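[1] Quick one, fold the following:
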Amino acid sequence: SNAVRAAHADVHRHEKVSNIIKQFKLSCSKTQAQFATMQVRNAHYSALIEGFTSTTYAMVIVSDPRVQPATTLINIEASRAHFESLIAQLI
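    Numbers count the residues shown, from 1 in each chain. This is a model prediction of the structure:
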């Protein structure tokens, strides 16, 4: 894997994104919509939110335009069973 850290002007960006996602999920609940996956892609990044375990979602943001969203989904699916088993051990 590879990661590059870049300085960002907004140090609260993670909290802001988290709050936006929580509000979106609440809006879905109020309208009784079933939220499963969301994908946003533009020239600068692609973002994917996918149901991960029975109680969580995974959000992955990729800034490399060469990485296809399907690759991200495959990685999420490959790790899902492992995390479900960890949750089962805690219960």
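
[2] just so I have it, where are all the helices in the chain?
    13-30, 69-90 (DSSP state H).

[3] So, low pLDDT: which residues of the protein?
    By pLDDT under 70, the weakly predicted segments of the chain are 1-4.

[4] repeat that for 80
    Where the chain drops to pLDDT under 80, the residues are 1-9, 35.

[5] Kindly reformat the helices of the chain as JSON lines and extend each row with distance to Arg5 and mean neighbour count.
    Placement of C-beta: from N, CA and C, glycine included. Converted to JSON lines, the helices of the chain look like this (distance: least, Cβ to Cβ, whole Å; neighbours: other Cβ atoms under 10 Å):
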{"stretch": "helix 13-30", "distance to Arg5": "13", "mean neighbour count": "11"}
{"stretch": "helix 69-90", "distance to Arg5": "19", "mean neighbour count": "12"}
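
[6] Reformat the ones you listed as CSV; add distance to Glu50.
    Shown next, in CSV, are the helices of the chain (distance: least, Cβ to Cβ, whole Å):
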stretch, distance to Glu50
helix 13-30, 12
helix 69-90, 5
